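> here's my sequence, what's the structure:
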Amino acid sequence: MNSRFVEETVSYNGVELRSGWVLERFGLKGDSIVAFHGPCSVKGDDLVDLEDLAAGKTVEGENMLHFIAEISGIGLPGIAFAQRLLCIIAGHAVEEACGRTVQWEVRREGDDLYVGDGKLSVSIATVSPETGQPETGLIHLGLNISSTGVPVKAACLEELGVDYRELAPVILAEFVREVEGGLHASRKVRRVP
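Below is the predicted model:
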């Protein structure tokens, strides 16, 4: 699995969550995950979450650490489990970066991360067809770098004293290790009758 942390500012508007975007934008082929920072503004038909769309919600923030993963042939249930794995990894990495003090305990509820009553993350997983190929699983995870522009009570990396430039490579490396390990484990067994 390929990975890259890109230090340039890149906006996330939801349209980036599609098969082939990581290759087009960053040149990473095949299964991959990329991290970058920048503003987030997902509204209307660009929302993937049908409940959020029906409720008229938006996903916004002035500066987030974004992760976009693309894994082929995994299907919707598989990518949803991979999304949870990425959230768990990110939560542990944030706790490690701020010393796991009681004051800064990171908790996960489903595919969201919280610190106290502030929401630290946004996340979605879906699939996208690829011409002549199996469906590609896609994940977006955004961690608030600042709380500016976030429409809900937010927690952010700045308040926690966590540098996103140091955090991103840790999350990328651990996610790649886990995905590659899981794929290897799935290939070394035989089917049973």
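
> now name the helix or strand holding residue 67.
Element membership for residue 67, per DSSP states H and E: strand 59-72.

> helices and strands around that strand, which ones?
When contacts are defined as 3 or more C-beta pairs under 8 Å, 6 or more residues apart in numbering; DSSP states H and E, strand 59-72 packs onto helix 21-26, strand 32-42, helix 75-97, strand 121-130, strand 133-144, helix 164-187. C-beta here means a position set from N, CA and C on the backbone, and glycine is covered the same way.

> those: which one's closest to residue 1?
Residue 1 sits nearest to helix 164-187 of all those, at 4.8 Å, using C-beta to C-beta.

> give the other helices and strands that that closest one contacts.
strand 2-9, strand 32-42, strand 59-72, helix 75-97.

> now the third one against strand 121-130, angle please.
For strand 59-72 against strand 121-130, the angle between stretch directions is 40 degrees (axes from the mean of the first three to the mean of the last three C-alpha atoms, to 10 degrees).

> can you put the helices and strands packed on helix 164-187 in a markdown table and add mean pLDDT, distance to residue 122 and mean neighbour count?
Below are those laid out as a markdown table (pLDDT from 0 to 100; distance: least, C-beta to C-beta, whole Å; neighbours: other C-beta atoms under 10 Å):
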| stretch | mean pLDDT | distance to residue 122 | mean neighbour count |
| --- | --- | --- | --- |
| strand 2-9 | 95 | 18 | 14 |
| strand 32-42 | 93 | 7 | 21 |
| strand 59-72 | 92 | 5 | 23 |
| helix 75-97 | 95 | 11 | 19 |
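
> mind putting those into CSV with distance to residue 147?
Converted to CSV, those look like this (distance: least, C-beta to C-beta, whole Å):
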stretch, distance to residue 147
strand 2-9, 18
strand 32-42, 12
strand 59-72, 8
helix 75-97, 15
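
> that older thread, may I have the strand holding residue 67 as PDB, with CA atoms only?
In PDB, the C-alpha atoms belonging to strand 59-72 read as follows (Å, rounded to 0.1, in the frame of the first residue of the first chain):
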ATOM      1  CA  VAL A  59     -19.100  19.500   7.100                       C
ATOM      2  CA  GLU A  60     -16.800  22.500   7.600                       C
ATOM      3  CA  GLY A  61     -13.600  23.700   9.100                       C
ATOM      4  CA  GLU A  62     -10.900  26.300   8.400                       C
ATOM      5  CA  ASN A  63      -8.000  23.900   8.700                       C
ATOM      6  CA  MET A  64      -8.100  20.100   9.000                       C
ATOM      7  CA  LEU A  65      -5.600  17.300   8.700                       C
ATOM      8  CA  HIS A  66      -7.200  15.100   5.900                       C
ATOM      9  CA  PHE A  67      -6.600  11.500   5.100                       C
ATOM     10  CA  ILE A  68      -8.000   9.900   2.000                       C
ATOM     11  CA  ALA A  69      -7.600   6.200   1.500                       C
ATOM     12  CA  GLU A  70      -8.400   4.100  -1.600                       C
ATOM     13  CA  ILE A  71      -8.500   0.300  -1.400                       C
ATOM     14  CA  SER A  72      -9.600  -1.800  -4.300                       C
END
